[in-house]
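Participant: Next input, structure requested:
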Amino acid sequence: MTEPLLLEELREMGILMSSGQLHNILVQGHELFHQEKDSVLKAGLTGTFVQVDDTGNRHNEKNGFTTVICSDLFTIFESTESKSRLNFLEILQGSTPKYRLTSESFVYLERVHLPPHGFKKLQLGISYSNELEWQGYLKSVGLDNPFHIRLATEAALIGGLLESEINPNLIILSDDAGQFNILLHALCWIHAERLIKKLEPINDFFASELEAARDEIWSLYNELKAYKEAPTHEWANTIEAKFDVLFQKDFQFVSLKLAMKRLYKNKAELLLVLKYPFIPLHNNQSETDARDKVIRRKLSVTFADESRRCRDTFSSLKKTCRKLGHSFWIYLDDRLSCNPQIPDLGQLLRNRILSTA
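Facilitator: Numbers count the residues shown, from 1 in each chain. Just a heads-up that it's a prediction; the model follows:
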């Protein structure tokens, strides 16, 4: 509900207050809740995988984005002005960012092709706890190209992230948006198949080729679902061979052939499930969780930064409570009491992750 509607409802119940009083109740004095949200995020990143997505939102009369990080046990919403890889890494670090150049940082810089002269300026082991100090370091070593600065900053955030409590083998499942391609990255099969589904054949022969290709893709998808239940090395090899044959087939429909070749380049990410059968084959969980934000986007916008922060925090805690089997209203009543009994949600989440490991 928007604040005006909530105020009207309260007045109908005989509770008289000004709009300013209601706003202050909703957005001020909630630091403990923000800290608990950070605790949930840190605990969630100790698991085996997370699903990620983003959706648009409006803040202070400007377009922005909300990133969703979730699993079947927790959900985190974080609204920002951009949806870059740098922004995603900052979100993963939470409220305590750390910039550190580690061996993993330099592996990342090789992957994104930072020029050799940039490598020579960076020093292994450098560590800073805030952006101002980090930017000062980059300036001191003469790294002034904006693109190189961004790559170096991404690498430092990855290094800092891996030195936190995050699972170093955490798998990030996404819809192939480039900003999420860090650490171990898996792709959603449903989003991948949409690349084929949207093709428009110009004759019946091309239409029949397209239909047959889609049937084979879903047949392979169903085999992967069965494989997850009883994985074997031999079966994995068989599925991989079928994948190679299907996505390298010489189709007459050129657009289909090019689309299949594009998906074949993502083979490692689409077939990561063969090595880690516990990860989902699709990204539906994050899309489902994002629907709340889509609905709210249609109803209202935020103007103050603290309003946006509170919206993200309480939405995150509500979703996480439900996934952990707790009533959100009972949770709120407990936290606002003088003697709270429900343990920190982050700790509850850690316990659940450990119990299912």
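
Participant: hey, let's count contacts and neighbours off CA atoms from now on
Facilitator: Will do.

Participant: just the strands in the stretch 51-200 of the chain please.
Facilitator: Remark: strands assigned in the stretch 51-200 of the chain by DSSP state E, counting those that start in this stretch are 62-70, 75-80, 99-100, 127-128, 171-174, 184-187.

Participant: Relative to residue 325, which of the ones you listed is closest?
Facilitator: strand 75-80 (13.3 Å; C-alpha to C-alpha).

Participant: So what touches that closest one?
Facilitator: The contact list for strand 75-80 (C-alpha atoms under 8 Å, 6 or more residues apart in numbering) reads 37, 40-41, 57, 64-70, 87, 91, 289, 308-309, 312-313, 315-317, 319-320.

Participant: re earlier: closest one to residue 347 among the strands of the stretch 51-200 of the chain?
Facilitator: strand 75-80 (14.6 Å).

Participant: and the closest one, what's its mean pLDDT?
Facilitator: For strand 75-80, mean pLDDT rounds to 94.

Participant: rank the strands of the stretch 51-200 of the chain by mean pLDDT and give me the bottom one.
Facilitator: Looking at the strands of the stretch 51-200 of the chain, the bottom one is strand 62-70 with a mean of 89.

Participant: which other helices and strands contact it?
Facilitator: With contacts taken as 3 or more C-alpha pairs under 8 Å, 6 or more residues apart in numbering; DSSP states H and E, strand 62-70 sits against strand 49-59, strand 75-80, helix 284-299.

Participant: number of nearby residues for residue 8?
Facilitator: Number of residues near residue 8 (other C-alpha atoms under 10 Å) recorded here: 14.

Participant: Just give the closest residue to the most centrally placed residue in the chain, not the sequence neighbours.
Facilitator: With distances taken as C-alpha atoms, centre = their mean, the residue of the chain nearest its centroid is residue 52 (2.6 Å). Nearest residue to residue 52 in three dimensions, chain neighbours excluded: residue 69, at 4.7 Å (C-alpha to C-alpha, 6 or more residues apart in numbering).

Participant: can you give me the helices for the stretch 151-300 of the chain?
Facilitator: In the stretch 151-300 of the chain, the helices defined using DSSP state H, counting those that start in this stretch lie at 189-197, 204-229, 233-247, 254-264, 267-270, 284-299.

Participant: okay, now the residue nearest to residue 52: neighbour count?
Facilitator: Residues lying near residue 69 (other C-alpha under 10 Å) number 29.

Participant: wait, it sits on residue 55?
Facilitator: No: the pair residue 69 and residue 55 does not pass the contact test of C-alpha atoms under 8 Å, sitting 11.8 Å apart.

Participant: In contact with residue 256, which residues?
Facilitator: Per C-alpha under 8 Å, 6+ apart, neighbours of residue 256: 196, 199, 210.

Participant: Kindly reformat these as TSV containing distance to residue 133.
Facilitator: Converted to TSV, the contacts of residue 256 look like this (distance: C-alpha to C-alpha, whole Å):
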residue	distance to residue 133
196	47
199	49
210	54
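
Participant: from the residues you listed, which is closest to residue 100?
Facilitator: residue 196 (41.0 Å).

Participant: ok, and the helix or strand in this protein with the lowest average confidence?
Facilitator: Least confident helix or strand of the chain, by mean pLDDT, DSSP states H and E, is helix 284-299 with a mean of 68.

Participant: For whatever helix or strand comes next after that one, which residues meet the burial criterion?
Facilitator: Going down the chain from helix 284-299, the next helix or strand is helix 305-323, by DSSP states H and E. When burial is assessed from 16 or more other C-alpha atoms under 10 Å, helix 305-323 yields the following buried residues: 307-321, 323.

Participant: what does stretch 29-41 give?
Facilitator: For stretch 29-41, burial by neighbour count (16+ other C-alpha under 10 Å) applies to 33, 34, 35, 36, 37, 38, 39, 40, 41.

Participant: Perfect, I'm done here.
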